[in-house]
Every structure is written in structure tokens, then in C-alpha cells.
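Novice: just need the structure, nothing else, for what follows:
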Amino acid sequence: MLGLILWVFWFIFGAYSFWFFTHAKTFQPITLDQLALTWKLHKQQTGCKASRIHSILTKNDDAVGYTCDCGYEFIQKRLITQKARPYVQTDMHTMEKTNGFLKNLDLHYSDIKEVN
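Specialist: Residues are numbered from 1 along each chain as shown. Reported below is the predicted structural model:
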């Protein structure tokens with residue numbers, strides 16, 4: 001009986017390990033330029049009529065996604081086993097005080113309602 005319990009335990013441990021290394025995800029920080037590009041793609045592909053981003057989603061003071069005024073939510077994630085992509089860190093607090101553009105993507109900082 002003890003041998004059967006051990007085999008079941010190792011099977012469950014192996015199945016969990018397989019799931020963890022193939023499906024477990026974590027947040028991947030995103031630059032504001034990438035965020036603006038994904039928002040524009042969302043608007044073009046879905047025909048979204050929203051005029052601004054409702055909020056920028058943050059994790060540990062890094063932008064990881066956004067919520068559109070239409071209700072669409074984008075969060076950039078990566079597998080735990082993947083190497084983190086390098087990115088340029090953006091100070092989220094100075095973004096609120098700046099009145100400019102995100103490069104050539106035609107997204108005004110005033111088009112962003114709030115930063116969460």
C-alpha cells in the first residue's frame with residue numbers, strides 16, 4: 001500500500017512540475033511605446049471607437065498592460081521559464097506631468113485617463 005501511495009505522489013509531483021514549466025506565467029514589463037502600439041492595433045483590429053486608454057496597469061511600478069475605455073484589457077505575460085526581455089524603464093509618475101507624444105504613434109499622454 002505504501003508503494004502505491006509513493007507512486008501516486010511522484011506522478012502528481014511530475015504532472016505539477018510539467019504544468020509549472022510549460023504553463024505558469026509572470027508579468028513582463030512593457031514600454032509606453034509598446035503599449036501605445038498594442039492599443040492602436042487593438043483599435044484597428046476590433047474597430048474600437050474608444051478615444052483613450054482607461055488606465056495603465058502596473059506591477060511593482062512597471063507598466064504591464066492597459067485597460068481600454070471599451071472594456072478590453074491587455075496584460076503582457078511571459079512563461080516563467082522564458083528569459084525576461086530587456087526594456088527601457090519608464091517613470092510612471094513623470095508621465096502624468098508630461099504633455100507630449102509617445103514617439104510617432106499619435107498617442108497623447110492626455111489620452112491616458114489614469115495609472116493603476
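Novice: where's W7, which helix or strand?
Specialist: In this structure, W7 sits in helix 2-23 according to DSSP states H and E.
Novice: so how far is that helix from its chain's centroid?
Specialist: In terms of Cα atoms, centre = their mean, to the nearest Å, the gap separating the centre of helix 2-23 from the centre of its chain is 30 Å.
Novice: looking at this, A36 is in a helix?
Specialist: Yes: using DSSP: H, G, I helix; E, B strand; the rest coil, the assignment for A36 is a helix.
Novice: and the helix holding W7, what other elements does it pack with?
Specialist: Of the remaining helices and strands, none touches helix 2-23 by 3 or more Cβ pairs under 8 Å, 6 or more residues apart in numbering; DSSP states H and E. Every residue, glycine included, has its C-beta placed from N, CA and C.
Novice: quick one: mean pLDDT over that helix.
Specialist: Per-residue confidence for helix 2-23 averages out to 91 on the pLDDT scale.
Novice: what's the first helix or strand after that helix?
Specialist: The C-terminal neighbour of helix 2-23 among helices and strands, as given by DSSP H and E, is strand 25-27.
Novice: rewinding a little: restricting to C-alpha, output the helix holding W7 in PDB.
Specialist: This file holds the C-alpha atoms of helix 2-23, laid out as PDB (Å, rounded to 0.1, in the frame of the first residue of the first chain):
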ATOM      1  CA  LEU A   2       2.800   2.400   0.900                       C
ATOM      2  CA  GLY A   3       4.400   1.700  -2.500                       C
ATOM      3  CA  LEU A   4       1.200   2.700  -4.300                       C
ATOM      4  CA  ILE A   5       1.000   5.900  -2.400                       C
ATOM      5  CA  LEU A   6       4.600   6.800  -3.200                       C
ATOM      6  CA  TRP A   7       4.000   6.100  -7.000                       C
ATOM      7  CA  VAL A   8       0.800   8.300  -6.900                       C
ATOM      8  CA  PHE A   9       2.800  11.100  -5.100                       C
ATOM      9  CA  TRP A  10       5.600  11.000  -7.600                       C
ATOM     10  CA  PHE A  11       3.100  11.000 -10.500                       C
ATOM     11  CA  ILE A  12       1.300  14.100  -9.100                       C
ATOM     12  CA  PHE A  13       4.600  15.800  -8.400                       C
ATOM     13  CA  GLY A  14       5.800  15.100 -12.000                       C
ATOM     14  CA  ALA A  15       2.500  16.300 -13.500                       C
ATOM     15  CA  TYR A  16       2.600  19.500 -11.500                       C
ATOM     16  CA  SER A  17       6.200  20.100 -12.500                       C
ATOM     17  CA  PHE A  18       5.400  19.600 -16.100                       C
ATOM     18  CA  TRP A  19       2.500  22.100 -15.800                       C
ATOM     19  CA  PHE A  20       4.600  24.600 -13.900                       C
ATOM     20  CA  PHE A  21       7.400  24.700 -16.500                       C
ATOM     21  CA  THR A  22       5.000  24.800 -19.500                       C
ATOM     22  CA  HIS A  23       2.100  27.000 -18.400                       C
END
